[in-house]
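In: What would the 3D arrangement of this be:
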Amino acid sequence: MSAASEEAPARYQQRNQPPGVPPLELTGERTLPDVPEENYWYRRHLAVYEWIAEHCAGLDVVDLACGEGYGTAVLAGRARAVVGVDANPEAHEHAAARYAAPGVRFERDLIETFSEPCDAVVFLQTIEHVADAPAVLGSVRAMLRPGGCAFVSTPNVLTLAPEGAERSGNPWHVREYRAAEYRALCAQVFGDVELFGLFHAGKLRLHELAIRFGWDAVHARLRITKPFYDRFTPAISASDFRLRSERDGADLDRALDFLAVLGS
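Out: I've put the predicted structure just below:
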């Protein structure tokens, strides 16, 4: 599978954008739809957005660090209203042009300074980019109305980093977390912390099993690596990922990403 967003190649750009919508270039700072080589990472993030959207029906939602805006659009399918917030001017311009709709707006602002009362804050795959994570989580909590909820995700360093390494090497990441470290971070600010893990399912789970039984050696020997993954990677869908809770016996140390569901 492609790890394009982790390697941040400059040659990848979004394809087939609607008229008047400027395509974005893949830099590794954020994932993008409409880049076939990036599809694994896009679907991995999309699966979490879709799960959260089902828990935001009828709510006023803030999508912090919304990037390209696809997640804000997913949330808008269930929420009463959604605000997508991102500081990057190109991402903001793209999101506002592509995903404008009733009940959706985009604001260009920093995650540290944006503030608007809401029922839910969605803050995905970004806490690892910030130097003062407790302060940012404090700002998230301050936006929530009574009974509100925050959804905050981050990669699991144990599965993101190469085996034996302490960090993934992603230059955009300030701090990467293990499950216990991430829980402790969230508990500094929120009284109610429930941790979920994102795991492979469907064809990605079959791919994991194939690798376990020697698939990497087979495709290399047959010289079909590129043709196979040129077809396999674009075919990955959000249904090839599944969120599981500790309450269900999930081993979070084996998760791809963590999703913290946080309440006061």
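In: what comes up buried for stretch 58-68?
Out: Judged by neighbour count using 16 or more other CB atoms under 10 Å, the buried positions of stretch 58-68 are 59-68. C-beta here means a position set from N, CA and C on the backbone, and glycine is covered the same way.
In: Between the two ends of that stretch, how far is it?
Out: End-to-end distance of stretch 58-68 (CA to CA, to the nearest Å): 23 Å.
In: So for that stretch, mean pLDDT?
Out: For stretch 58-68, the mean pLDDT works out to 97.
In: what's the longest helix in this protein?
Out: helix 39-53 (DSSP state H).
In: Show me what that helix packs onto, helices and strands only.
Out: helix 4-7, helix 70-76, strand 192-200, helix 225-235, strand 241-245, strand 257-263 (3 or more CB pairs under 8 Å, 6 or more residues apart in numbering; DSSP states H and E).
In: out of the buried residues of stretch 58-68, who's nearest N88?
Out: Taking CB to CB as the measure, N88 lies nearest G67 of the buried residues of stretch 58-68, at 7.6 Å.
In: mind listing what the closest one touches?
Out: Taking CB atoms under 8 Å, 6 or more residues apart in numbering as the criterion, G67 is in contact with 30-32, 86, 88, 91, 95.
In: which element is it on?
Out: Using DSSP states H and E, G67 sits in no helix or strand.
In: so what's the backbone phi/psi at it?
Out: phi 60, psi -130 (degrees, to the nearest 10).
In: That one and R11, how far apart?
Out: 20 Å (CB to CB, to the nearest Å).
In: ok, now V85?
Out: 29 Å.
In: Then H92?
Out: Counting by CB to CB, the gap from H92 to R11 is 24 Å.
In: Pick out whichever of those two has more residues nearby.
Out: H92 (21 against 8; other CB atoms under 10 Å).
In: Nearest residue to that one in space, please, no chain neighbours.
Out: Nearest residue to H92, sequence neighbours excluded (CB to CB, 6 or more residues apart in numbering): R108, at 4.2 Å.
In: cool, W51 as well?
Out: L243 (5.4 Å).
In: who does the one you found bridge with?
Out: When assigned by DSSP bridges, L243 has beta-bridge partners L198.
In: Now do the contacts for it.
Out: Contacts of L243 by CB under 8 Å, 6+ apart are 47-48, 51, 196-199, 259.
In: Nearest to L209 among those residues?
Out: Closest to L209, out of all of the contacts of L243 and judged by CB to CB, is F199, at 13.1 Å.
In: That closest one reaches D257, doesn't it?
Out: No. Using CB atoms under 8 Å as the test, F199 is too far from D257 to be in contact (9.3 Å).
In: Quickly list what's touching both of the two.
Out: The contact sets of F199 and D257 do not overlap (CB under 8 Å, 6+ apart).
In: Tell me the buried residues in stretch 217-230?
Out: Buried, per 16+ other CB under 10 Å, within stretch 217-230: H219.
In: distance between the ends of that stretch?
Out: So stretch 217-230: terminal residues 18 Å apart, CA to CA.
In: Give me the spatial nearest neighbour of V35, chain neighbours excluded.
Out: Y12 is the one closest to V35 (CB to CB, 6+ apart), at 5.1 Å.
In: Distance of that neighbour relative to L24?
Out: Y12 is 10 Å from L24, by CB to CB.
In: Strands along the chain, start to end?
Out: 60-64, 81-86, 104-108, 118-123, 144-155, 192-200, 241-245, 257-263 (DSSP state E).
In: got the contact list for the longest one?
Out: With CB under 8 Å, 6+ apart as the test, strand 144-155 has contacts from 48, 52, 55, 117-125, 127-128, 137, 140-141, 168, 176-177, 182, 186, 190, 198, 256-264.
In: residues of it that come out buried?
Out: Residues of strand 144-155 classed as buried: 144, 148-155 (neighbour count, 16+ other CB under 10 Å).
In: Could you export those to JSON lines, including columns for pLDDT and distance to G20?
Out: Shown next, in JSON lines, are the buried residues of strand 144-155 (pLDDT from 0 to 100; distance: CB to CB, whole Å):
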{"residue": "L144", "pLDDT": "98", "distance to G20": "35"}
{"residue": "G148", "pLDDT": "97", "distance to G20": "36"}
{"residue": "C149", "pLDDT": "98", "distance to G20": "36"}
{"residue": "A150", "pLDDT": "98", "distance to G20": "34"}
{"residue": "F151", "pLDDT": "98", "distance to G20": "31"}
{"residue": "V152", "pLDDT": "98", "distance to G20": "33"}
{"residue": "S153", "pLDDT": "98", "distance to G20": "31"}
{"residue": "T154", "pLDDT": "97", "distance to G20": "34"}
{"residue": "P155", "pLDDT": "96", "distance to G20": "34"}
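In: Thank you, goodbye.
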